[in-house]
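Peer 1: Sequence and predicted structure, then a few things I'm wondering about:
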Amino acid sequence: MSHGKLRDDKSCLNCGHLVEERFCPHCGQENVQPKQPFYYLFTHFIEDFTHYDGQFWKTIKYLLFRPGKLTKEYLAGKRQAYVAPVKLYIFISFITFFLPSLLPSSEEKKETNDIYTLDTKEREKANKEQIAKILDSIGIENNNTQIPKEAINDLKVSIVNDNDSKTDVLEETRDGKLMILGAENMKQFDSLYSKSGNSRLPFDFVRPFAKKAFHLQEQGLNKEQIFDKFSETFVHTLPKALFIYLPVFAFFLWIFHNKKKWWFFDNGIFTLHYFSFLLLGILIIIILSELLSLLPDYSVFNILSILTSTVAIVYMFIYFFIAHHRVYENSRGISVIKGISLFIINFLALLCMLLLLVYTSFRMMH
């Protein structure tokens, strides 16, 4: 309930009708003073969304623990007691991708001092010896300062290409720089690509990512900062992608059910409620993970974190089948068959969308 000061004038500012109490019986506008303190903007937003009469919390309770309940109530016409589906989805999307940025995170990072194994060190030593032999064979002393650095780098690339045909896609050099398919910069990457022969497919796929990663590295970013920027870009792009996928998900539901009984609108309401639940579940997992990351690095806390995330993911998986069965009222067997089919189709479609999102997010980084 709003705490704005009531006007002495009983005529509604919106429609001119007589207002006996706080709200106009004709248009529903509250008859309060039009000028309010600045903080009223925020309190009014919260009051308008939650109503403080249990509407918001009742909606959240049903959304989390009563699969399909909100959809059945809405389609039955019982809508005043709950937050509208679109409004609910937008609000949960906002808090899901805004609230985690406000949470404290542990600044302690695990240091990997043993980045290079014995085999790697031995390979570096062998490479240096091989470079020395090549330089000596062409009459150049190894300590000659006139040798261009680019020539030495190209020589290293050639040796790496010969000695390491199974290079990991992403590694890290001793000084913390990125190494992608054995290359430390785009010139080395292109040199490796030209020497790869028939095995160029990994280079073709990785090249756009390598170009962006090396560009960011040249700007002074290290490996951790590059991944942080990618995560930030991905998180900001994900809500848009999910919103775009909403009608696709509803379309698949429409295909699998009686089109005379279940209109596309009905499937859209189910989709909005289910996606709202998924986003809220993701938010809960993020918050719990962040809180558990602040605890000491003991095995019991790590097990607790993994167990909590696993239970949440399993529940999110089962939730769809329960909600689908309750809303569409098919027999359990038919509901399970349709549910599994829908789950597989949407999983593949979402996977393709997420791969495209990963590619787009990385290319959008700056």
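Peer 2: Looks like it arrived, so ask away.

Peer 1: What spatial separation is found between V314 and F321?
Peer 2: Distance, V314 to F321, using CB to CB, to the nearest Å: 12 Å. Where C-beta positions appear, they are placed from N, C-alpha and C, glycine not excepted.

Peer 1: the more surrounded of these two?
Peer 2: Per other CB atoms under 10 Å, whichever of V314 and F321 has more neighbours is F321, with 18 against 10.

Peer 1: Mind telling me what element that one is part of?
Peer 2: Assigned by DSSP states H and E, F321 falls within helix 299-328.

Peer 1: before we move on, what about A210?
Peer 2: Going by DSSP H and E, A210 is in helix 201-218.

Peer 1: ok, which stretches of the stretch 151-300 of the chain are helices?
Peer 2: With DSSP state H, counting those that start in this stretch as the criterion, the stretch 151-300 of the chain has helices at 186-195, 201-218, 223-256, 264-293, 299-328.

Peer 1: Between those, which one is closest to F23.
Peer 2: Nearest to F23, of all the helices of the stretch 151-300 of the chain, is helix 264-293, at 27.8 Å by CB to CB.

Peer 1: what's the angle between the closest one and helix 299-328?
Peer 2: 170 degrees (axes from the mean of the first three to the mean of the last three CA atoms, to 10 degrees).

Peer 1: counting contacts, what elements does helix 264-293 pack onto?
Peer 2: Here helix 264-293 is seen to pack against helix 55-65, helix 69-75, helix 85-98, helix 223-256, helix 299-328 when contacts are counted using 3 or more CB pairs under 8 Å, 6 or more residues apart in numbering; DSSP states H and E.

Peer 1: In the last one, which residues are buried?
Peer 2: So that's helix 299-328. 305, 309, 312, 316, 319-321, 323-325, 327-328 (16 or more other CB atoms under 10 Å).

Peer 1: how about the residues you listed in JSON lines, adding pLDDT and distance to P296?
Peer 2: As requested, the buried residues of helix 299-328 are exported to JSON lines (pLDDT from 0 to 100; distance: CB to CB, whole Å):
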{"residue": "S305", "pLDDT": "78", "distance to P296": "12"}
{"residue": "S309", "pLDDT": "83", "distance to P296": "19"}
{"residue": "A312", "pLDDT": "89", "distance to P296": "23"}
{"residue": "M316", "pLDDT": "91", "distance to P296": "29"}
{"residue": "Y319", "pLDDT": "95", "distance to P296": "33"}
{"residue": "F320", "pLDDT": "94", "distance to P296": "36"}
{"residue": "F321", "pLDDT": "94", "distance to P296": "38"}
{"residue": "A323", "pLDDT": "95", "distance to P296": "39"}
{"residue": "H324", "pLDDT": "94", "distance to P296": "42"}
{"residue": "H325", "pLDDT": "94", "distance to P296": "43"}
{"residue": "V327", "pLDDT": "95", "distance to P296": "44"}
{"residue": "Y328", "pLDDT": "94", "distance to P296": "47"}
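
Peer 1: Would you work out how far apart the start and end of stretch 23-33 are?
Peer 2: Stretch 23-33 has an end-to-end distance of 13 Å (criterion: CA to CA, to the nearest Å).

Peer 1: Buried ones in it, by neighbour count?
Peer 2: Residues of stretch 23-33 classed as buried under the neighbour-count rule (16+ other CB under 10 Å) are 24, 30-32.

Peer 1: I92: which of these is nearest?
Peer 2: For these, the nearest to I92 is E30 (25.9 Å; CB to CB).

Peer 1: Over to the closest one: give its phi and psi.
Peer 2: Backbone torsions of E30, given as degrees, to the nearest 10, read phi -80, psi 130.

Peer 1: List the beta-bridge partners for it.
Peer 2: Beta-bridge pairing for E30 (DSSP bridges): F23.

Peer 1: Would you mind giving the secondary structure of the closest residue to H17 other than its chain neighbours?
Peer 2: For H17, ignoring the flanking residues on the chain, the nearest one in space by CB to CB, 6 or more residues apart in numbering is H26 at 4.1 Å. Secondary structure, DSSP: H, G, I helix; E, B strand; the rest coil: H26 is coil.

Peer 1: wait, what's in contact with H26?
Peer 2: H26 makes contact with 12, 15, 17 under the criterion CB atoms under 8 Å, 6 or more residues apart in numbering.

Peer 1: Buried ones among those?
Peer 2: C12.

Peer 1: per-residue confidence for the residue nearest to H17?
Peer 2: You'll see H26 listed with a pLDDT of 86.

Peer 1: Relative to C12, how far out is it?
Peer 2: Distance, H26 to C12, using CB to CB: 7 Å.

Peer 1: quick revisit: for the helix holding F321, which helices and strands make contact with it?
Peer 2: So helix 299-328, by 3+ CB pairs under 8 Å, 6+ apart, packs with helix 69-75, helix 264-293, helix 332-364.

Peer 1: Now do it against helix 223-256, angle only.
Peer 2: Interaxial angle, helix 299-328 versus helix 223-256 (the same axes, to 10 degrees): 20 degrees.

Peer 1: Point out where the stretch 1-150 of the chain drops to low pLDDT.
Peer 2: Within the stretch 1-150 of the chain, the segments meeting pLDDT under 70 span 1-4, 36-54, 100-101, 103-150.

Peer 1: rerun at 80
Peer 2: Within the stretch 1-150 of the chain, the stretches with pLDDT under 80 are 1-5, 33-54, 97-150.

Peer 1: Check the gap between W254 and L304 for me.
Peer 2: Here W254 is placed at a distance of 41 Å from L304 (CB to CB).
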